[in-house]
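1. here is my input; please provide its structure:
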Amino acid sequence: MEFYFPFKFKNEKMRLLVTFLTVAISFWSCENKLEKGVVVVGKGEMPNIAKDKQGGIHVVYGQGDKIMYTMSHDQGKSFPVPGVVNQLRELAASHMRGPQIAATSNGLVITACTHDGDIYSFIRDSSGKWIRSARINDMDTVAKENLMALAAEGQFVYAVWLDLRDGHNKIFGSSSMDAGKTWTKNLLVYASPDSSVCECCKPSVAVTGNKVAVMFRNWLQGNRDMYVIESNDNGKSFGEAMKLGNGSWALDGCPVDGGGLALNGSNGLSAVWRREKKIYTGNVNKEETAIGEGKGCTIESANGKNVFAWVEEGKIVILKPGGMKETIGDGSMPVLKAIDDHQVLCVWQNEKEIHSKIITL
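-> Purely as a prediction, here's the structure:
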């Protein structure tokens, strides 16, 4: 590396000293672009996060055609250098599309989709090696929107995605009873009576006990509103889709904004979503509360209380229980995971770099 200085030095020692100071200041300036407490996980896009029963924090994301993975052993304070799970030709990893991860009682399961529209699952064996276990979609290249979600509890895993097998986007799902080794025949979860659900918004899924809850953006009578549909038999059948909130968003186009979903045990289902410029939270009783303005929102439950994150004017914003708002850095696509009753970890992307920060509640 060479530097140009618009003056002459008296001697070589002085030139070397000034060069050293210039490099040090440049390095210090780059490091200090990050907000305090922000950790750089690695280079890539579209992070997703899971926590296992032992408290390990697992992060997966895309880097070109590579599915990247790392695990924090110190509750999110640091992350080892990420490793490659698999190289999947034409991996979808941008614009809400990216690898998903869930923790099971047997270990971890990752799903990833190709641009062609095939969803694959990966599990890790006892030696720590990642194995591609199955293709989840039972018809070729039907997940062409590449929009999917994943959740697990015990050995039960459920995957949902936007499916184009008949030419119109519908919500399909598949379950695994053996922690991601094998998957059931694909099930139609929801079909819009107006032919298609919103075609560019990522669905969400959450599981607890025998319950599976799926959230998606519908497209009915020109309105692109959020709906939830639930199963009480491990995803074998689903009830009636229920609209979230009491307002509607008439929109000729897709907002590319799928919101987030949480099952809070005795507190039931909570959701967060965007309508026009505002962020709302609520559940299936049609009540809603506006909590801010922005896009790309998500939700996590910690000790029965909801924590929210979204993007506001290019910044990642956290809304804590009690209403305290905190801005943690530049970026997009935030995801949250509770570390314990008093902390959550936020992971997001900023200029094709994965960042994380521990949030004290």
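
2. next secondary structure after the worst-scoring helix or strand of the chain on mean pLDDT?
-> Here the helix or strand of the chain ranked lowest by mean pLDDT, DSSP states H and E is helix 12-31, holding a mean of 49. The C-terminal neighbour of helix 12-31 among helices and strands, as given by DSSP states H and E, is strand 39-43.

3. other residues contacting stretch 70-84?
-> 39, 41-42, 44, 55-59, 61, 66-69, 339-340, 343, 345, 356, 358 (C-beta atoms under 8 Å, 6 or more residues apart in numbering). For glycine as for every other residue, the C-beta is placed from the backbone atoms N, C-alpha and C.

4. endpoints of it, how far apart?
-> End-to-end distance for stretch 70-84: 9 Å, by C-alpha to C-alpha, to the nearest Å.

5. which sections of the stretch 251-361 of the chain are below the confidence cut-off?
-> For the stretch 251-361 of the chain, the stretches flagged by pLDDT under 70 are 265-267.

6. can you count the residues close to Val38?
-> Counted with other C-beta atoms under 10 Å, residues neighbouring Val38 total 19.

7. er, Val81 actually
-> Number of residues near Val81 (other C-beta under 10 Å) recorded here: 8.

8. how far away is it from Thr298?
-> As judged by C-beta to C-beta, to the nearest Å, Val81 and Thr298 stand 26 Å apart.

9. tell me which residues form a beta bridge with the residue nearest the centre of the chain?
-> Closest to where the C-alpha atoms of the chain average out (C-alpha atoms, centre = their mean) is Asn48, at 4.2 Å. Beta-bridge pairing for Asn48 (DSSP bridges): Val60.

10. correct me if wrong: it contacts Val59.
-> Yes - between Asn48 and Val59 there is a contact under C-beta atoms under 8 Å: 7.3 Å.

11. between the two, which contacts overlap?
-> With C-beta under 8 Å, 6+ apart, Asn48 and Val59 have common neighbours Ile101.

12. who is the residue lying closest to Ala102 once chain neighbours are set aside paired with across the strands?
-> Nearest residue to Ala102, sequence neighbours excluded (C-beta to C-beta, 6 or more residues apart in numbering): Ala152, at 3.7 Å. Bridge pairing for Ala152 (DSSP bridges) gives the partners Val157.

13. ditto for Phe172
-> Taking DSSP bridges as the rule, Phe172 bridges to Trp161, Leu188.

14. mind checking how far Val109 is from Asp118?
-> Distance, Val109 to Asp118, by C-beta to C-beta: 16 Å.

15. neighbour count: these two, which is higher?
-> Neighbours per residue (other C-beta under 10 Å) separate Val109 from Asp118, with Val109 holding more: 25 against 20.

16. skipping its backbone neighbours, what lies nearest that one in space?
-> Gly180 (3.3 Å).

17. from what I see, that neighbour and Asp125 are in contact.
-> No - under the criterion of C-beta under 8 Å, Gly180 makes no contact with Asp125, lying 11.6 Å away.

18. compare those two (neighbour count), which wins?
-> The residue with more neighbours, out of Gly180 and Asp125, is Gly180; 28 against 11, by other C-beta under 10 Å.

19. centre of the chain to stretch 122-141, how far?
-> Averaging C-alpha positions (C-alpha atoms, centre = their mean, to the nearest Å) puts stretch 122-141 20 Å from its chain's average.

20. can you tell me what sits against that stretch?
-> 67, 69, 85-86, 106-112, 116-121, 143, 159, 161, 163, 165, 172, 174, 179-183, 185-186.

21. tell me the contacts of Asn350?
-> 329-332.

22. er, Leu108 I mean
-> Applying C-beta under 8 Å, 6+ apart to Leu108 gives the contacts 50, 52, 58, 101-102, 123-124.

23. try it again with 10 Å
-> If you count contacts by C-beta atoms under 10 Å, 6 or more residues apart in numbering, Leu108 has them with 50, 52, 56, 58, 60, 69, 71, 85, 101-102, 122-124, 130, 152, 179-180.

24. mind checking the pLDDT average for the host helix or strand of Gly62?
-> Secondary structure from DSSP H and E places Gly62 in strand 57-63. Per-residue pLDDT over strand 57-63 has a mean of 98.

25. what of stretch 131-148?
-> For stretch 131-148, the per-residue pLDDT averages 98.

26. buried ones in it?
-> Of all the residues in stretch 131-148, those buried under the rule 16 or more other C-beta atoms under 10 Å are 133-134, 136-137, 142-148.
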